[in-house]
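> Predicted model and sequence below, questions to follow.
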Amino acid sequence: MRKQCCIICGKPLNGGIIINGKGICKCCEEKIIKVRMDTDFYMYYKNCIKKSIIYPMIRGEDSKCQNYHL
Ligand SMILES: [Zn+2]
């Protein structure tokens, strides 16, 4: 299996959680659980999720279309 990296801190995953194929390490997961919703880290986390999960899904559609033409 391919080595997953945390989408928040970029470190290789050692456990933690996987959302939509994207990993979040134990350390960041704990931060997210403890963090208050009005903090910068929460905003940063939300942006990471958006960039890592939503945009590759859109790009995934594009690459599928390209493959179709081959
Ligand atoms: Zn992390």
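It's in.

> Before we move on, what's the pLDDT of Arg36?
At Arg36, the model reports a pLDDT of 84.

> again, but for Arg2
On the pLDDT scale, Arg2 is placed at 64.

> Check Lys64 too.
With respect to pLDDT, Lys64 scores 55.

> Pull up the residues of the protein that are close to the ion.
Neighbours of the ion within the chain, by CB under 5 Å from the ion: 6, 8-9, 25, 28. Bear in mind the C-beta positions are built from the backbone N, C-alpha and C, glycine included.

> Show the buried residues in these.
Buried members of the residues of the chain next to the ion, counted by 16 or more other CB atoms under 10 Å: 6, 8, 25, 28.

> of all those, which two lie farthest apart?
Pairwise distances across these (CB to CB) peak at 7.3 Å, for the pair Ile8 and Cys25.

> got the contact list for the closest residue to Phe41 other than its chain neighbours?
Distance criterion CB to CB, 6 or more residues apart in numbering; nearest residue to Phe41, sequence neighbours excluded, is Val35 at 5.1 Å. Shown in contact with Val35 (CB atoms under 8 Å, 6 or more residues apart in numbering): 41-42, 45.

> from those, which single one is nearest the ion?
Distance to the ion across the contacts of Val35 (CB to the ion) is lowest for Tyr45, with 10.1 Å.

> Backbone dihedrals for the closest one, please?
Here is the backbone geometry of Tyr45 (degrees, to the nearest 10): phi -60, psi -40.

> so which strand or helix has the closest residue to it other than its chain neighbours?
Leaving aside its sequence neighbours, Tyr45 sits nearest to Ile32 (CB to CB, 6+ apart; 5.8 Å). Following DSSP states H and E, one finds Ile32 within helix 26-34.

> One more: Tyr44?
Element membership for Tyr44 (DSSP H and E) is helix 40-49.

> avg pLDDT for the one helix or strand Gly23 maps to?
Using DSSP H and E, Gly23 sits in strand 22-24. In this model, strand 22-24 has a mean pLDDT of 87.

> Please point out which parts of it sit buried.
Result for strand 22-24 [16+ other CB under 10 Å]: buried residues 22-24.
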